[in-house]
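Visitor: sequence and predicted structure, then a few things I'm wondering about:
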Amino acid sequence: MMKIAPYLLLALLAVQCKTASTPPQNLQETLADVEKIKGRTEYIESPYVTAGDRVYMVGHQDGSFPDLGWHITGEMGGIWDHPIKLMDGFSAQLTLNNSTLCLTKADTFYNYPFANQHVYLLPKEGMRVERLQFVPDGKEAIVVQYAFHNSDAKEKKITFQFNGKSDLRPTWLSERTNTQDGNDQATFDAGSNAWVVKDSLNEWFVTFGSTLAPVKHATEANDCTLKSVGKGTNTSLIYELTLPANGSLVLPFTVAGSYESKAQAQATLEEVQGKTAELFRAKKKRYAELASQTQISIPDKDVQQAFNWLKYSTDWLVRDVPAVGRGLAAGLPDYPWWFGVDNEYSLQGALLIGRFDIVYKTIELLVKESNRVNKNSGRILHEMSTNGQVFNEGNINETPQFATLIWTVYQWTGDKEFLAKYYPVVVKGLDWLMKENDKDGNLLPDGFGMMEIHGLNSEMIDVAAYSQKAFADAAQMAKEMGDVTLVAKYQNIAQKIKDKINTEFWVPESQSYADFIGTKEQTLHLIDDAIVRADTLKKPWAVAEIKALKAKVKSLPAGTKKGFVLHHNWVVNTPMEMGIADSDKALKALETGHKFVNPFGMFVTGIDRDESAGKDVSSAAKGKKTFTYTGAVMTLPTGVQAISENNYGRPDQALDYLKRMTRAFSFALPGSMYEVSPDFGMFAQAWTLYSFGVPIIRQFFGVQPNAAHKIIRIQPQFPSSWDKASLEKLTIGDNQLTVHFEKSDNKQTIRLTQTKPDWKIVFALPKGKYKSWEVNGKKVTATQEGALDVSGSNGEKVVLEAF
């Protein structure tokens, strides 16, 4: 091989860069002012995501790509371009002084809001290698940049090898579409200096390469990490590099894909390679805009940071598949597709961070596909893969929860066209709910709700609570739409269900609402299953309690139907979450619920509670070998409990639950909270935004909008430990609200600012010692409702002071 002088080699590198006459920009420089969180060493062998709306990549924080996930066993990691997978991953190695080093185990992982970095330390070689990656918005591509840093006073010649493992395969439920996965076929394209891989049976393509031409390319090359298995290919690109003394060199790679054509994949590769720096800056700017929305400053800085990063992790879950739709997915790595119920929680949180865009798109997708699979019945689907195949047409709770979502969106956006579009879906859905699922006509629909426990499909407490709220909200919608007949009908049904919840579901001896209402025979069967569960989990207290219940049930007359507290499932708190529990019952039930917690929050199923409940962290943080939700503590039940506490005037207890959830923030994945706290299940979960957003924005700051009528009611309820708090740039319709709160021993001040001074602001007086109120320096008197109309006080600025 001809020897080339170092300065000539550098010149050659510049010439070989197809997209620019200068070496590629080190993207790390653009991140200098961006927040980052360092990963914990003990979790470096756990997952992360490089997120994008079209493409995303899942691997381990050490830079490797082990088999991950259970939905498609071992295949949920790698690079995905739904509805297909592109690659299982890639690896890299470098040769220096005839010694080959595999970059398989990074020393450090950093997570940024929209990118991530792996750092490999090579002290004996006087080198450091940094791998940085991001996914451009709206592109079927990912950029991976290697930066080589030479700490020695003399230049280094290295051979660098990039190994790509293709795995062009379809997503979950592809067997329903008769999609066959063929063997991958790889061809090197000299024009783009990139490998092009095609699935032999489908027009699926992945191509990868650098702006620098390789000196060699190979199939089945000497690769120290990735082996060719299954139907994929293992191909390599090899480069000769010269690192300047005490200097650095950057080598970028782009992976692009298409499930339509080779030309499209290659066009994406060329576009992204040519605009990498521009696309990187654009994504940085968009995330800065996300961060600027709904800014909170509160005394509990850990909670504040967790809330801020939820803006980012929510964006990680936006999934765009043009042939199907765009919407918020549930979680990663195993739920990268769309759910009805998850979004009925998540989108309420998305409203609070100004993400009206994804709220509208997700609802549009859910309704379109629900109408398709459920024949326009109004029933809302449960789970749909990114290929459009619906796994579950809808559990009973999802249809009423959809009604509440629509009303909530209308309250925050004031969009009458939106309401007019989806009100008929709500009407049909509630009709379906009662006609098809309430066979005994007692206004309590039968069927599976949130708890996916075998046999638990009678009259469920969460279905009842969400149905009650749905009819109450639908009555409000009917009023807005001028549908007078349905206003009265829905109000009547809502009141009757509320009465039933507070009588038939209440179990005085348990100081709790029942998990379900069922017959004696059905309950005995469920009890036997519960005993097995509790005994298997070695929960003797639960076994004893359930056996005592069994004795009571056996003594009941045959055919008895009543409410039972069996599993202590978190859903028994939904009457408080919806604010429909009688106050005396609610306070008792909240105290009962507090028994079923651990340092990270609420147990999904209370009989799974163990010795960690309310005590230490260590026993709750043990990982699990196999996938199961048994024994799980989750952010959604914990958030529901926080919301419930706030609904009954207990913000200090609500804050306690927020702090419990926050203990899981960055526990395993920096910048994220696992679905199952602290480190199990999905490493990013959309509905966590509901669990933080509602307690903080709608309850602590007390923002209750009626955007259609340009009214904002403010009813703050701050924890006693908060002496100062602020909320800025909260979007409500076309208005933005800012709230600043401060208190001392003898004075409380609240400053309100809005961008639309013609909106009416109604301030509800909080309970407490303050008796005298001033608005902009003038004494005021409360209305009979205990509220102050502070509209028109100094235009868009209002200062309330209490003495």
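Guide: Structure received.
Visitor: going by C-alpha atoms from here, please, whenever you check contacts or count neighbours.
Guide: OK.
Visitor: any idea of the mean pLDDT in the longest helix that the chain contains?
Guide: For the chain, the longest helix by residue count, based on DSSP state H, is helix 416-437. The pLDDT scores in helix 416-437 average 98.
Visitor: buried residues in that helix?
Guide: The neighbour-count check on helix 416-437 (16 or more other Cα atoms under 10 Å) flags 419, 422-423, 425-427, 429-430, 432-434, 437 as buried.
Visitor: give me the local confidence score for the most centrally placed residue in the chain.
Guide: With distances taken as Cα atoms, centre = their mean, the residue of the chain nearest its centroid is residue 686 (1.8 Å). In the predicted model, residue 686 carries a pLDDT score of 98.
Visitor: okay, the buried residues of helix 416-437 in JSON lines with distance to residue 43 next?
Guide: Listed next are the buried residues of helix 416-437 as JSON lines, based on distance: Cα to Cα, whole Å:
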{"residue": "419", "distance to residue 43": "46"}
{"residue": "422", "distance to residue 43": "44"}
{"residue": "423", "distance to residue 43": "47"}
{"residue": "425", "distance to residue 43": "45"}
{"residue": "426", "distance to residue 43": "45"}
{"residue": "427", "distance to residue 43": "48"}
{"residue": "429", "distance to residue 43": "45"}
{"residue": "430", "distance to residue 43": "46"}
{"residue": "432", "distance to residue 43": "47"}
{"residue": "433", "distance to residue 43": "45"}
{"residue": "434", "distance to residue 43": "48"}
{"residue": "437", "distance to residue 43": "46"}
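Visitor: so which elements touch the helix or strand following the longest helix of the chain?
Guide: Next helix or strand after helix 416-437 toward the C-terminus (DSSP states H and E): strand 459-460. Helices and strands touching strand 459-460, by 3 or more Cα pairs under 8 Å, 6 or more residues apart in numbering; DSSP states H and E, are strand 516-519.
Visitor: how far is the helix or strand just after the strand it packs on from where the chain is centred?
Guide: Where DSSP H and E defines the elements, the next helix or strand beyond strand 516-519 is helix 520-536. Helix 520-536 sits 33 Å away from the centroid of its parent chain (Cα atoms, centre = their mean, to the nearest Å).
Visitor: give me the contact list for helix 520-536.
Guide: 455-456, 540, 542-543, 546-547, 550, 553-554, 556-561, 564, 566-567, 607-608 (Cα atoms under 8 Å, 6 or more residues apart in numbering).
Visitor: please apply the same query to stretch 331-342.
Guide: Counting by Cα under 8 Å, 6+ apart, residues outside stretch 331-342 touching it are 58, 68-71, 76-77, 317, 319, 327-330, 366, 380-386, 394, 397-398, 401-402, 675, 682-687.
Visitor: buried subset of those residues as a PyMOL selection?
Guide: Here is the PyMOL command that selects the buried residues among the contacts of stretch 331-342 (16+ other Cα under 10 Å):
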select buried, resi 58+68+69+76+77+317+319+327+328+329+330+366+380+381+382+383+384+385+386+394+397+398+401+402+675+682+683+684+685+686+687
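Visitor: in helices, which of the contacts of stretch 331-342 appear?
Guide: Using DSSP H, these in helices are 366, 398, 401-402.
Visitor: would you mind measuring from the closest residue to residue 756 other than its chain neighbours to residue 390?
Guide: Among residues not flanking residue 756 along the chain, residue 735 sits closest, at 5.5 Å (Cα to Cα, 6 or more residues apart in numbering). Residue 735 sits 38 Å away from residue 390, going by Cα to Cα, to the nearest Å.
Visitor: cool, and residue 704?
Guide: For residue 704 relative to residue 390 (Cα to Cα), the value is 35 Å.
Visitor: all good on my end, thank you.
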